[in-house]
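Engineer: Dropping the sequence and predicted coords here.
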Amino acid sequence: MKLMRINANNNNAVVVDGQPVEDVESFDYLGARITKRGEAEDDIKSRLGEARGAFNKLVKIWRSGQLSKNTKIRIFKSNVIAMLLYGCETWRMTKRDEAKLDTFLHKCLRRMLIIYWPMRVSNEVRSGLGRAPSVNR
């Protein structure tokens, strides 16, 4: 059992059945990280780590020449993006958080679709154009 106080005036120790209850700054509940400050940054970091792990477990699929790009993208959305965005409805997003998610997404897509670093288009240029310009290989 753990205890998290939000805007509490009373900081006395809580005792249940003679055992003190641990006072924490954050905890995980149903896969989401809850913090005293109410920010989503910790939860986003946790979700990015889990999504990165899921992406790396599927590296053989990303390198496979037998699967089409559309199939790889469908696998990516159903496995990696679903894990990344679990519980995102409760996040209070900032521009910094959005940039972290965009960076992760674009990095995964570049690795998945074998787009090498000289072919990159920055996120700022891409968002201003509506879509990324085609790159001649």
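Structural biologist: Received it, and whenever you're ready, just let me know what you need.
Engineer: Distance of T103 relative to M4?
Structural biologist: 30 Å (CB to CB, to the nearest Å). Glycine gets a C-beta too; all of them are placed from N, C-alpha and C.
Engineer: and P20, what is it in contact with?
Structural biologist: Contact partners of P20, counting by CB atoms under 8 Å, 6 or more residues apart in numbering, are 13-14.
Engineer: ok, it to L67 distance?
Structural biologist: For P20 relative to L67 (CB to CB), the value is 55 Å.
Engineer: which SS class is the residue nearest to the spatial centre of the chain?
Structural biologist: The centroid of the chain falls nearest to L48 when counting by CA atoms, centre = their mean (3.1 Å). Here L48 takes the helix state, with states given by DSSP: H, G, I helix; E, B strand; the rest coil.
Engineer: Which residues are in contact with it?
Structural biologist: 84, 100-101, 104.
Engineer: Please render those residues as a markdown table that adds neighbour count and distance to N10 to the earlier fields.
Structural biologist: As requested, the contacts of L48 are arranged in a markdown table below (neighbours: other CB atoms under 10 Å; distance: CB to CB, whole Å):
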| residue | neighbour count | distance to N10 |
| --- | --- | --- |
| L84 | 21 | 38 |
| K100 | 15 | 36 |
| L101 | 18 | 38 |
| F104 | 18 | 41 |
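Engineer: now, among those, which is nearest to A32?
Structural biologist: Closest approach between the contacts of L48 and A32, by CB to CB: L84, at 12.7 Å.
Engineer: tell me the contacts of that closest one?
Structural biologist: With CB under 8 Å, 6+ apart, L84 has these contacts: 47-48, 50-51, 101, 104.
Engineer: what are the ranges of the helices in this protein?
Structural biologist: 41-57, 59-63, 69-76, 82-84, 95-112, 123-129 (DSSP state H).
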